[in-house]
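In: 3D model of this:
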Amino acid sequence: MKQFGFSTWVFSLLLAFLLAAQSAEAAQSVRFAVPQTPMSLPFYVAAERKFFEKYQVKPVLVECKSGRDCLQALGRGAADLAGSSELPVMFAAFEDKPISVLASFANNKDNLKFLVSRTLLNDGKLNLVGKRIGYVPKSASHYYMDIFLLFKGIDPKQVIKVPMAVSELPKAMLKGSVDAIAVWEPWAVKIMQQGGHDIALVPAPFLYTQTFNLSVRNQFKHMQPREVHGVMKALDDAVNYIRDYPSRAQSTLLRYKLANQEYIDSNWQAYNFRIALQQSLVSTLQGQARWAKREGHVRSGVAREPEYLNYIDASFLREHKSDRVDFVYR
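Out: I've put the predicted structure just below:
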């Protein structure tokens, strides 16, 4: 009996190993283009906690400097899914890119900042007319720069706009190549820490609630829907983990160098991680499209703005979490 019991135990163990190996072999590699920002935290949590593997998905994280870069990687087939704010999606639709937004999984009302050289502040008054402002073209930085200037009563055409990559903004600001910049976090905090007293943050009310979204290549979602469903479930698990274990999630930010502790202590409450598709996403895209056309940021000859409902696929989220899909998508 003892020998029989031992043999049964060995057989069960071997069977478990075999099933695990088969499950690992069944998992499909999925390439995620992920910008290096705290808004990408659900991707990193899902990868670190093995939530993707739980749903037979092998994650391959392709890091990029901005959401715009990630959407470009998606458009040229270098990634299967991508994270970005909604603004690169707006431009991608103008370019007829074959992509779809599957869900929003984060938002932040205070993620964009406007930094200036302290020399521009004269007795608390800000002088920006004729000044050089660094920004990342066709990104949230670009949009925020314009709405910030309008809020301050300045025509965006009255400043000298200096386009550059987000990685170039710190050096340009610190060297004085530009007088001000519009940039997202955590770049703003890093630049202020490096510049010390010479750089000032211009306070402003919440002008823009930035959403962070999951987009997919249409070909991928049609050919591999199982993997897409797995990704959605894994990210939902990650969002729940962030809610239930915030200190552990913050440690993930530190490990991947997406933020430092000082930034986390000051800004964590501004982040809202939740998977959903709300009507406000379409409204924001439409408003940004009108801005892009008015300011000449899209190719000439475009007769009308895209129908953004055609670039949002609610079917995957509806099947997984129907209560998270607003009525406009039904």
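
In: most centrally placed residue in this structure?
Out: The central residue of the chain, meaning the one whose C-alpha is nearest the mean C-alpha position (Cα atoms, centre = their mean), is S84 at 3.4 Å.

In: so who does it touch?
Out: 35, 66-68, 70-71, 212-213, 215 (Cβ atoms under 8 Å, 6 or more residues apart in numbering). (Glycine included, C-beta is placed from N, CA and C.)

In: now pLDDT and secondary structure too, for those, in JSON lines please.
Out: As requested, these are arranged in JSON lines below (pLDDT from 0 to 100; DSSP: H, G, I helix; E, B strand; the rest coil):
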{"residue": "P35", "pLDDT": "93", "secondary structure": "strand"}
{"residue": "S66", "pLDDT": "89", "secondary structure": "coil"}
{"residue": "G67", "pLDDT": "91", "secondary structure": "helix"}
{"residue": "R68", "pLDDT": "90", "secondary structure": "helix"}
{"residue": "C70", "pLDDT": "95", "secondary structure": "helix"}
{"residue": "L71", "pLDDT": "94", "secondary structure": "helix"}
{"residue": "F212", "pLDDT": "96", "secondary structure": "strand"}
{"residue": "N213", "pLDDT": "97", "secondary structure": "strand"}
{"residue": "S215", "pLDDT": "98", "secondary structure": "strand"}
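
In: tell me the buried residues within those.
Out: In terms of neighbour count (16 or more other Cβ atoms under 10 Å), the buried residues within these are 35, 66-68, 70-71, 212-213, 215.

In: which residue ranges form the strands in the protein?
Out: Taking DSSP state E, the strands of the chain run over residues 28-35, 57-64, 81-85, 99-108, 112-117, 121-122, 125-126, 132-135, 160-163, 180-184, 199-201, 210-217, 271-276.

In: wait, which of those is closest to V239?
Out: strand 271-276 (4.8 Å; Cβ to Cβ).

In: buried set for that closest one?
Out: Of the residues in strand 271-276, those with enough neighbours to count as buried (16+ other Cβ under 10 Å) are 271, 273-276.

In: could you single out the nearest of these to D179?
Out: Closest to D179 out of those is Y271 (29.7 Å), distances taken as Cβ to Cβ.

In: just give me the neighbour total for the closest residue to the closest one other than its chain neighbours.
Out: Taking Cβ to Cβ, 6 or more residues apart in numbering, and ignoring the residues beside it in sequence, Y271 has N108 as its nearest neighbour in space, at 5.4 Å. Close neighbours of N108, defined as other Cβ atoms under 10 Å, add up to 23.
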